[in-house]
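Peer 1: next input, structure requested:
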Amino acid sequence: MGVILALSMLCSFSASAADSDNSPLGVALFPPLQLPNSGYGITGLRLSLVGSHRESQGIDLALLGNVTNKKFRGLAISGLFNYNSGLATVIGLQASALANINVGASTVYGVQLAGYNTAGTVYGLQLGLFNVANDLHGVQIGLFNINRTGLFKGSPIINIGF
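Peer 2: Down below sits the predicted model:
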């Protein structure tokens, strides 16, 4: 109970700050049972079962999944999925068991690791069963790999882009 009270106070202090729509910490079971609510951005750490926020910048850890609606920047690790529908910049690692899905303009600097990976531009490695990149500057390793701007648009096992 004390931990929940402390987290509530921390989130409410951030709401009273000059940048009232961001919080340094997000904690969620699943939407709408989360602090702060989904209209807020998280700049720092988000811990959740399934968390859904307007934006997330920092470290995003979820038992099941992370959802970001407008802007993501940072490191994302989840048990099942990472889903970004807006501008996404993944730095380091985006890892999950099932899927890393970046729908909007996205750039990955590092590694995507999941059964299915998709991103706009990848500088690094996509490792999964199915990998999709609009523009690959690195390596894809999987059952089937797609690099839409590459010499080889589709390739089994390995695909390389420069």
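
Peer 1: so residue 125 makes contact with residue 111?
Peer 2: Yes. Between residue 125 and residue 111 a contact is recorded at 4.8 Å, counting by Cβ atoms under 8 Å. To be clear about C-beta, it is placed using only N, CA and C from the backbone, and glycine gets the same treatment.

Peer 1: what helices and strands are in contact with the helix or strand harbouring residue 107?
Peer 2: Mapping residue 107 onto the secondary structure by DSSP states H and E places it in strand 106-113. Of the remaining helices and strands, those touching strand 106-113 by 3 or more Cβ pairs under 8 Å, 6 or more residues apart in numbering; DSSP states H and E are strand 87-95, strand 99-102, strand 116-127.

Peer 1: how far is the last one from where the chain is centred?
Peer 2: If I follow you right, that is strand 116-127. Strand 116-127 has its C-alpha centroid displaced from the chain centroid by 12 Å (Cα atoms, centre = their mean, to the nearest Å).

Peer 1: after the strand ranked longest in the chain comes which helix or strand?
Peer 2: Ranked by number of residues, the top strand in the chain under DSSP state E is strand 41-78. Proceeding C-terminally, strand 41-78 gives way to strand 81-84 as the next helix or strand, assigned by DSSP H and E.

Peer 1: strand partners of that following strand, parallel vs antiparallel please.
Peer 2: Each strand that strand 81-84 pairs with, and the sense of that pairing, follows from DSSP bridges: strand 41-78 (parallel), strand 99-102 (parallel).

Peer 1: tell me the mean pLDDT over that strand?
Peer 2: Within the predicted structure, the mean pLDDT of strand 81-84 is 96.

Peer 1: that strand: how far from the chain's middle?
Peer 2: In this view, strand 81-84 has its centroid 5 Å away from the chain centroid, taken as Cα atoms, centre = their mean.

Peer 1: likewise stretch 54-66?
Peer 2: The chain centroid and the centroid of stretch 54-66 are separated by 6 Å under Cα atoms, centre = their mean.

Peer 1: so which bits of that stretch are buried?
Peer 2: Applying a neighbour-count criterion of 16 or more other Cβ atoms under 10 Å, one finds 54-58, 60, 62, 64-66 buried in stretch 54-66.

Peer 1: what's the angle between the longest strand of the chain and strand 106-113?
Peer 2: The directions of strand 41-78 and strand 106-113 differ by 30 degrees, with axes from the mean of the first three to the mean of the last three Cα atoms, to 10 degrees as the criterion.

Peer 1: quick one: strand 41-78 to strand 87-95, angle?
Peer 2: What separates the directions of strand 41-78 and strand 87-95 is an angle of 40 degrees, with the same axes, to 10 degrees.
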